[in-house]
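Participant: predicted model follows, preceded by the sequence.
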Amino acid sequence: MPRPPSDASSLLVMRGIVKQFPGVRALDGVDLEVRAGEVHCLLGQNGAGKSTLIKILSGAHEPDEGEVLLDGSPVRLAPPTAAMGQGIATIYQELDLVDGLSVTENIFLGHEPATLGFSRRAEADRATAELLKRLGHGEIRPRTEVGSLSPAHKQIVSMARALSHSARLIIMDEPSAALDHDEVGNLFRVIRDLTSQGVAVIYISHRLEEIREIGDRVTVLKDGRTVAVGLAAKDTPTSKIVALMTGRNVEYVFPPRRGRGAHEGRPEVLRVENLTLRGRFADVSFSIRAGEIVGLAGLVGSGRSEIIEAIYGARRAGGRVVLDGRTVRPGSTTRAVRMGMGLAPEERKAQALLLDHPVAQNITLASLSRYTRPRWLGWLDRRAEFAEAERLSQALDIRPPDPRRPIRTLSGGNQQKAVLGRWLAEDRKLLLLDEPTRGVDVGARAELYALVRKLADDGIGVLLVSSEVPEVLGLADRVLVVREGRIVHEAPAEDLDEHRVLDLVMVSAGQLPGPDAANPPTEGAFHD
Amino acid sequence: TSNEPAATQQASASAAAPAAKEGNDAPGEKVVIGFSAPAADHGWIAAISKNAADAAKQYTDVEFKPVEPTNDINQQISAVESLIQAKVNVLVILPNDGQQLNQVARQAMDAGIPVVNVDRIFPDKLSYRAWIGGDNYGMGVAAGHHIGKTLKDKGVSNPVILEIQGIATLPLTQDRSKGFADALKTYGFTVAAQQDAKFTVESGTQVATNLLQAHKKIDAIWNHDDDQGIGVLAAIKEAGRNEFLMVGGAGSANAMRDIQADSGVLKATVTYPPTMAASAIKIARLIAQGKGMSDLLEQQVPQSITLASETITKDNAAQYLPLGFES
Amino acid sequence: MTEVDQAASAGPRLKAAGPGGRFGRLGEVRHLGLVAALVLLAIVGLVTKPENFATSSNLVSILALASTIGVITVGMTFVIIGGGIDLSVGALMALASVWATTLATQSYGPVVMIVCAVLVGTGAGLLNGILIAYGRMVPFIATLAMMVAGRGLAQRMSNQRTQLVQQDNSMIVSLSTTRVLGLPLLVYVFALVVLLGWLLLNRTTFGRRTYAVGGNPEAARLAGIDVRKHTLMLYALSGLCCGIAAVLIMARTTTGSSTHGDLYELDAIAAVIIGGTLLSGGRGTIIGAILGLLIFTVITNLFILNGLNTADQLIAKGAIIVAAVLLQRRSLKTPT
Amino acid sequence: MTEVDQAASAGPRLKAAGPGGRFGRLGEVRHLGLVAALVLLAIVGLVTKPENFATSSNLVSILALASTIGVITVGMTFVIIGGGIDLSVGALMALASVWATTLATQSYGPVVMIVCAVLVGTGAGLLNGILIAYGRMVPFIATLAMMVAGRGLAQRMSNQRTQLVQQDNSMIVSLSTTRVLGLPLLVYVFALVVLLGWLLLNRTTFGRRTYAVGGNPEAARLAGIDVRKHTLMLYALSGLCCGIAAVLIMARTTTGSSTHGDLYELDAIAAVIIGGTLLSGGRGTIIGAILGLLIFTVITNLFILNGLNTADQLIAKGAIIVAAVLLQRRSLKTPT
Ligand SMILES: Nc1ncnc2c1ncn2[C@@H]1O[C@H](COP(=O)(O)OP(=O)(O)OP(=O)(O)O)[C@@H](O)[C@H]1O
Ligand SMILES: Nc1ncnc2c1ncn2[C@@H]1O[C@H](COP(=O)(O)OP(=O)(O)OP(=O)(O)O)[C@@H](O)[C@H]1O
Ligand SMILES: O[C@@H]1[C@@H](O)[C@H](O)OC[C@H]1O
Ligand SMILES: [Mg+2]
Ligand SMILES: [Mg+2]
């Protein structure tokens, strides 16, 4: 059981933490101080060292230098069991669940209730059901195999696992990245519940509006160093935080649109007619014109990713997809790519990256035949290939700026840039972007937004899926609202606001329980 | 079996070897004998390697150079090549497959190294100076006659006769089966079913277990190889069957003891003596030294020696037991 | 390895056998294909050899044939679910059988022989585990080395001879010859190992952690599981099964021999995979593996009942394996 | 499989051979361990058999011995990097050698025989590929079925006899007997296959895509690579190599036989893995695999030269494999 809040004295103090990886000093003297009962936000650009710091806290890494004090006394946190023993539970950024095990088994992995080695399964299931209910997800069945859950549900299971430890410090590394607005509300309710019992939460997110809403204090990391400690989350201006993180003033605004009707006369890049996949989505019809960015808004699980994958040929669906006047025969991504589509998929690690391969080869993967001479032989001009990768990596400001590194060693945001870079190497007619800024920091986001807009201005059509409503509204020209696999509304972005979209995406507003339905987040906090 | 009490564990080769150091055995010029055989993964082949080594040890004028036994033809070729390179005086080869090793044996002969071919024969006579081996066809004939005669005497008509072969792809297996079928034909009998058991005990058990299910009433079984026969007998015992007689092959000491005791279905075995390896070493030595065989009038060693396959029954088992090899 | 599979499928994803709550049951959908294949084979048996196939003695034979490798398959299932592979099983069984039947061991009587076989198997399995978990060798290579060296050692101990179980120790042979309720004792041993294996895999923390260690070792480590120790134990368990299998093969063949268990590794791995376990680890069931093994055993039985020669047996076996797997796939597809 | 490895290591991770820009070079760090093991073996050879080991004829012998399985290893490297496995290689080599040496084929002369062997190998490989890529069978099972059926077919075609290459077609045999610059022609064939394989893997889009397909098939598919077609081609390539190897074994043994290539699959896979390729795909080099194979071949050669008995050879071989791998590990560790 969580302990009662001890006064103002610190629960956790980290001092001068250093962590060196081959070739990178990920942490270079980091300080952190967390109090019981607070939500302490950790901010920093991609690669700043946030995940590395929390891995040290969770015992997954051992620090090379520095000390960690819990309740004032020095502790050793590695291996993970030691950290758990100290009451530290962690939700990792990369989902660390075992697909083959059930929800219950994942939650209690490593600390299963058992008699003589025999699991007490009923008891664990009961506890699991309770945890899930507490997280607002009573509908997830404890015996379901985790591999069959959606990414959002997996995230819930990860949270339930952290809660199962009755910890006094819970670390959440980008827990909201896979969640939609509604889910985030749920998450915050749980966090408030925890902190009211004196549990401290370290919260990492690239969505600054979330920090405002849930955070008490903020620590900012930059290049492996602490650059600001204990800022008040509610009162520090966003511009100041962004400046601390990036070392510059980022205009955190969306690039200007062409304006209403600007695309009217332009040719249709994509036309989708009655796209249907039984049990997933039905009768999806819309079109995208050259230079236009169309956003798909909807709840997690509403079928947006599957629509995109069907257009791309990664799933076979009924109906018709026409690209640039030519019908796309369904069921082949190879044909889709050849005809001029590109996809940045939702699950970066599983669907896009060759983790052990250099950044360069990840970037050129989809455009290899561009560097062949002669093409029929498939002979690679590796110099040309590398030059292109280097150019794109610089253009996207991928850090560290070494395209030879295995992409595994890059931070999530930088990995995402490489995935986008993959489609910039070749002329595309249509880009399908599924949650393109998931896990991407503010600075990089602004760059990505500008990049996407520029691509559109150059005549590409873009289809954008994002669970962040402001992003859809800010970046897209036109928005399609998806609910339960059907398009229920279509309008120019200017004609919509967050409230309206949230109303539209809900099964039917008001009926869906959730504390935040009546209390949507303050708008404007985001644009600050 | 190696775990029999020491008393019965006799060296089969030395028992047959003359002790006197005279005639052919008188020391002569020094010769290096290269030796290559398949991997010793069962009693008969183990006896081959052991008999060869033991025979060589008897002579002070022989340097014995065995190479890695292997069941991969590619490697055996390399092994023989290395012996040629080492310029041995004479080669003794039991090939995994006579045809496949033919070329490298021929190379040796062409290089002036006489080859003594044991057991599995080279197709090309230019590939060996002398061949010594068992009579595989004769083995089948002997087994066929024993079974045919016994059943005829009992007055069985249309008997169910089964055959358990060794490795099906060896020419010697096919020769044995042919001899068996030919001999049975003279009694008007045929083989009802045939399976191969790879010369291993375990495979013997498995094949026999299934065969016993396939045939509810059996009159006779010929099992080509006494090594795998242990497994065949275990399966028969497990199934509690005894309505038939069984004949073995090769002539292991173990089989002979069983026959002598007459306690089970095994009533006879037909020999295929691994002593041939010891003989081959002796012949190789004589060839290298340019001698003939002292018991023969010929100036040179004969080109081909086929050992007779004898039928061992309860009556003569005691006489053959010293020559039996341990499984 | 099987990822190609999933990636290549445009439709809804198929799940391989996994360890959820209702998993491991015979009647489960994922096993229906295997059961269907078995039923089909049984029908073939009934049609082609009505008087032989369905007799109780033939069924007993099939179970007796399956028991040795069946015990090994149980251990192999654990290893593969745990993300490894064990190529040494056949060799370890041979080594244990030889060690237990040397004159020296036999002089202590049957109980010591059994203990010896089990200890040798477990010990060698432990060595595999040490090389893999602590020496960080790739399982394929470590167990390949053990396979080669194990056979060598067995040959050396036995002097390349077959070692008979002596009359005094015939208690061991009676495992095969004594019947209770019509079944030889070794079938009970087999059944017991399967049952215990199933309990261990499905009802204990050890079993469930095996899935984690195989499916996502990093997650397992972060959850506080000692992945190395666990891996070590998996190989020891497989070795233990080899030791038990050695006792069974001694009972069946009345011998210990360095040639026992030839190519068992391939058969056991194939049975495990046909049973729905992924070579990449993290998924699989014991029931599936045993069903897979029974399919192989019944195929051979049918062939010999019908007097097929080796060549045709091999061709037919290849075709049947393909058919069984495609059948299984079909039965999985429909209910999705 | 090797994930246990990585998870178990808390320290900096060891990288297996991978596909970077500067990859595939002999002098590369990742191969140093293998080279060191080879050098060590050579020293053992020089010390124990100074008069035999370092002779040119012995070195030729080693290369000739390595060629058949070496050609197969090249194909196997592609398959394993591409995330699969091919158990059928030995059987396909046997089948191709038998098909090419039937009386009917031989009547058309040596060129047709060679074409026949290559076509049979490639065709069977294609069938593997179809079962795996389009039938979505697990590679282990599909190629196991092919291995079994392939041997059966070979036995049937040859009537279980060894088929001699006839005098008229001795051009084939001359691949083994004719020497150019002291080396038999088949060594040149081997070298050529290695060279072409290396170029294909390291310098073409096909090779690059092979790494992608093996490393993350889903990502490869979403990047527009036709994963199925690519997988199909990998198995066809492996089959092609088996066909070429069949020609070499015909040359060396002057025969076609259903027994050729027994257990080559294990040796080839072991060589590939010792060479640093992960069984899970996405990583590996041809040079490493060939070095791995040479280690095996030299070990055998040393045993032959020193006249070790089988049992001791096997024990020693097991120990050497372990030592070589641990040595390789050490050499990888230091420079990290
Ligand atoms: N295992 C590793 N090996 C080598 N370098 C690493 C490793 N893990 C992290 N790094 C490097 O350490 C730095 C910090 O990474 P970290 O994942 O902590 O960033 P982060 O702040 O969590 O970023 P993001 O917001 O993108 O998640 C990065 O430069 C990253 O490339
Ligand atoms: N592999 C799968 N197996 C089972 N169900 C799946 C699978 N993939 C998706 N689903 C289900 O299909 C529905 C639509 O999923 P999809 O991913 O398209 O939704 P989405 O709107 O993109 O949401 P998200 O933001 O989570 O991606 C969801 O109910 C999801 O759980
Ligand atoms: O190995 C074979 C042996 O077991 C058999 O009995 O006789 C011939 C040999 O080649
Ligand atoms: Mg991070
Ligand atoms: Mg989605």
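Facilitator: That came through, no problem. Numbering: from 1, shown residues only, chains lettered A, B, ... in the order given. Ligands and ions are numbered 1, 2, ... in the order given.
Participant: which element, helix or strand, includes residue 213?
Facilitator: Since you didn't name a chain, this refers to chain A. Assignment of secondary structure by DSSP states H and E places A:Glu213 within helix A:208-214.
Participant: that was the other one, I meant chain C.
Facilitator: Element membership of C:Val213, judged by DSSP H and E, is helix C:205-215.
Participant: which phi and psi does the residue sitting furthest away from the middle of chain A have?
Facilitator: Distance from the centre of chain A peaks at A:Leu116, with 40.9 Å (CA atoms, centre = their mean). The phi and psi values for A:Leu116, taken as degrees, to the nearest 10, are phi 50, psi 40.
Participant: anything in the helix holding A:Glu213 near ligand 1?
Facilitator: No: Helix A:208-214 does not reach ligand 1 (CB under 6 Å from any ligand atom); its nearest approach is 13.1 Å. All C-beta spots, glycine's among them, are computed from the backbone N, C-alpha and C.
Participant: beyond that helix, next helix or strand please.
Facilitator: strand A:217-222.
Participant: quick check, that following strand touching ligand 1?
Facilitator: No: if you take CB under 6 Å from any ligand atom as the test, strand A:217-222 misses ligand 1, and the best it gets is 6.6 Å.
Participant: other residues contacting that strand?
Facilitator: Strand A:217-222 has contacts (CB atoms under 8 Å, 6 or more residues apart in numbering or on different chains) with A:30-33, A:35, A:38, A:40-45, A:48-50, A:53, A:211, A:226-233, A:236, A:241, A:244-247.
Participant: which of those residues are buried?
Facilitator: The neighbour count (16 or more other CB atoms under 10 Å in any protein chain shown) marks A:30, A:32-33, A:35, A:38, A:40-45, A:48-50, A:53, A:211, A:226-228, A:231, A:233, A:236, A:241, A:244-246 as buried among those.
Participant: return the residues in contact with the residue of chain B found nearest chain A.
Facilitator: The nearest approach of chain B to chain A comes at B:Asn74, 33.8 Å away (CB to the nearest CB). Contacts for B:Asn74 were tallied using CB under 8 Å, 6+ apart; they are D:65, D:68-69, D:249, D:252-253.
Participant: go on, A:Gly72?
Facilitator: A:9-10, A:13.
Participant: tell me the buried residues within these.
Facilitator: In these, burial by neighbour count holds for A:10, A:13, counting by 16+ other CB under 10 Å.
Participant: what's the closest of the contacts of A:Gly72 to chain D?
Facilitator: For the contacts of A:Gly72, the nearest to chain D is A:Val13 (24.3 Å; CB to the nearest CB).
Participant: list the contacts for the nearest residue to that closest one once chain neighbours are set aside?
Facilitator: Once flanking residues are discounted, A:Val13 sits nearest to A:Leu69: 4.2 Å by CB to CB, 6 or more residues apart in numbering or on different chains. Going by CB under 8 Å, 6+ apart, A:Leu69 touches A:10, A:12-15, A:75.
Participant: mind listing the residues bridging to A:Leu69?
Facilitator: Listed beta-bridge partners, A:Leu69: A:Val13, A:Pro74 (assigned using DSSP bridges).
Participant: still on that earlier bit, so which of the contacts of strand A:217-222 are also by ligand 4?
Facilitator: Residues of those in contact with ligand 4 (CB under 5 Å from the ion): A:Lys50.
Participant: just the contacts of strand A:217-222: which are in strands?
Facilitator: Per DSSP state E, strands hold the following members of the contacts of strand A:217-222: A:30-33, A:35, A:40-44, A:226-232.
Participant: for B:Pro302, phi and psi?
Facilitator: Here is the backbone geometry of B:Pro302 (degrees, to the nearest 10): phi -60, psi 160.
Participant: low-scoring stretches of chain B, by residue?
Facilitator: Within chain B, the segments meeting pLDDT under 70 span B:1-22.
Participant: go ahead and flag the most central residue of it.
Facilitator: In chain B, the residue lying closest to the centroid (CA atoms, centre = their mean) is B:Tyr272, at 4.1 Å.
Participant: how far away is B:Asp219 from B:Phe189?
Facilitator: Distance, B:Asp219 to B:Phe189, using CB to CB, to the nearest Å: 9 Å.
Participant: so what sits against both of these two?
Facilitator: Counting by CB under 8 Å, 6+ apart, the residues touching both B:Asp219 and B:Phe189 are B:151, B:159, B:161.
Participant: partners of the nearest residue to the last one once chain neighbours are set aside in the sheet?
Facilitator: Using CB to CB, 6+ apart and skipping the chain neighbours, the partner closest in space to B:Ile161 is B:Ala220 (4.9 Å). B:Ala220 forms beta bridges with B:Ile161, B:Leu245, as assigned by DSSP bridges.
Participant: wait, what's in contact with residue 234?
Facilitator: Picked chain A for this. A:212, A:215.
Participant: sorry, should have said chain C
Facilitator: By CB under 8 Å, 6+ apart, the residues touching C:Leu234 are C:78-79, C:82, C:84, C:129, C:210, C:213.
Participant: ok, so of the residues you listed, who is nearest B:Tyr59?
Facilitator: Taking CB to CB as the measure, B:Tyr59 lies nearest C:Gly129 of the contacts of C:Leu234, at 49.6 Å.
Participant: before I go, just wanted to say thanks for your time.
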